[in-house]
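Undergrad: no sequence on hand, only this structure:
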């Protein structure tokens, strides 16, 4: 049955994005808020806002039983988790199912299968998707040395339950593999409660490339092209582009086919992203993981496809079939997104909560801003520091870079420092303009130069 009233279990720009998508489908919206978010843009624009609890995320946005109780008591028949928070916790869709609420996302068993990296590797291998040469579970420091010797150094120790760079250590020889095992395992236990590790070959010149997918839950899956997310700091994406301009077309087709085959093998439902490592030197790509939710960077895929992915998510969760076929997905031009955080990039990216006193974003053809901010808005200290995403779309990459530079120059924000000046410096760097970057470029090349200039 089509969803009639949607509960939005998230905050910030993605909550507002979902409110607008649902209202465009004539669906009532109820947004969950903490005490700190009572007066946000999403709370004002939704048909109703429900206070979950105090500012603490653990006592509000991260409590699955509280979230589902609020959805049920407000008469909602659908729930959208957004990204982050509970979006990839299988407990949430299971609770939704118990209470007759349509979950806007994959089935809980699929979330479980993809949430563990070793399990996801097994799924990818069974679907014939290329994997980074590596190991299964590494149980001891001696195993780490033995597997590192077999794979060939350098290698990367990774937490099976991990993400965001936690529980991840590079080793260049056997001694480092043993020491790295203890460090990575301890980090994984502290961050995820699970110290299980595995090992992969470290790719020095790598691109982070991901494919946007949408499935109907019956084995039919569409892709909306790939994104290049190689500008990263501490494994966190700062700038995303679509498409990956350095990838040859024959590899691009293989990448899309691999991602679709992987999702189809699981009868994947709703939106997801298959992430890959692209080895530029070897001209090979390898599966990393699947993010079983809508991604922060989904707007660049929307810009090159002209398709509203969030609306399609909601339709599919309500039982509708995919609204188009692969031949109807026409990808044109080049899009770039920069994540704007309330951080001081000159002070080791120190978060900068506070009140925005002036907010004048750029406007014009090809420019999109996804944000919940405005003049007078308060940035609380309790959550992620992202205040918006600036996206541009042009016919070529060089045109998109120039458009983004102009848009940043015209973007006026006062009251708190933001990362806009950092983004302006990144896209002005000769390496970025020439597209000579990799996942380690920002930390290896750009930031040392940026910090010297600031000194």
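TA: Arrived safely, thanks for sending. Bear in mind that the values here come from a model prediction, so they are computed numbers and not experimental data. Numbering: from 1, shown residues only.
Undergrad: what's the burial count for residue 100?
TA: Neighbourhood size, residue 100 [other C-beta atoms under 10 Å]: 8. Where C-beta positions appear, they are placed from N, C-alpha and C, glycine not excepted.
Undergrad: and the pLDDT for it?
TA: What the model reports as pLDDT for residue 100 is 98.
Undergrad: just checking, it touches residue 77?
TA: Yes. The pair residue 100 / residue 77 is scored as a contact, 7.2 Å apart, by C-beta atoms under 8 Å.
Undergrad: who's in contact with residue 47?
TA: Counting by C-beta atoms under 8 Å, 6 or more residues apart in numbering, residue 47 touches 28-30.
Undergrad: switch those over to TSV; also include pLDDT, distance to residue 237 and neighbour count.
TA: Converted to TSV, these look like this (pLDDT from 0 to 100; distance: C-beta to C-beta, whole Å; neighbours: other C-beta atoms under 10 Å):
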residue	pLDDT	distance to residue 237	neighbour count
28	98	33	19
29	98	28	24
30	98	30	24
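Undergrad: just checking, which of those belong to strands?
TA: Using DSSP state E, the members of those that fall in strands are 28-30.
Undergrad: which of these sits closest to residue 133?
TA: residue 29 (46.7 Å; C-beta to C-beta).
Undergrad: which one is that closest one nearest to, not counting chain neighbours?
TA: Residue nearest to residue 29 in three dimensions, not counting chain neighbours: residue 46, with 4.3 Å by C-beta to C-beta, 6 or more residues apart in numbering.
Undergrad: so which residues make contact with stretch 306-316?
TA: 2-3, 6, 17-18, 21-22, 24-25, 27, 78, 80, 104-105, 212, 214-217, 224, 269-271, 294, 298, 301-302, 322-324, 329-330, 332.
Undergrad: filter these down to the buried ones.
TA: Taking 16 or more other C-beta atoms under 10 Å as the criterion, what is buried in the contacts of stretch 306-316 is 3, 6, 17-18, 21-22, 27, 78, 80, 104-105, 212, 214-217, 224, 269-271, 294, 298, 301-302, 322, 329.
Undergrad: select from those residues every entry located in helices.
TA: When DSSP state H defines the helices, the subset of the buried ones among the contacts of stretch 306-316 inside them is 17-18, 21-22, 298, 301-302.
Undergrad: centre of the chain to the longest strand along the chain, how far?
TA: Scanning the chain for the strand with the most residues, using DSSP E, yields strand 221-233. Computed by C-alpha atoms, centre = their mean, to the nearest Å, the chain-centroid distance of strand 221-233 equals 9 Å.
Undergrad: now stretch 111-129
TA: With C-alpha atoms, centre = their mean, you get 18 Å for stretch 111-129.
Undergrad: helix or strand: which one has residue 337?
TA: Assigned by DSSP states H and E, residue 337 belongs to strand 334-341.
Undergrad: packing partners of that strand?
TA: strand 236-242, helix 298-305, strand 386-394, helix 397-409, helix 420-428 (3 or more C-beta pairs under 8 Å, 6 or more residues apart in numbering; DSSP states H and E).
Undergrad: tell me where the model's unsure across the stretch 251-400 of the chain.
TA: For the stretch 251-400 of the chain, no stretch has pLDDT under 70.
Undergrad: residue boundaries of the strands in it?
TA: Remark: strands assigned in the stretch 251-400 of the chain by DSSP state E, counting those that start in this stretch are 269-279, 284-291, 334-341, 343-344, 350-351, 354-355, 358-360, 367-371, 378-379, 386-394.
Undergrad: residue 84 is nearest to which of those?
TA: Closest among the strands of the stretch 251-400 of the chain, using C-beta to C-beta: strand 386-394, at 9.8 Å.
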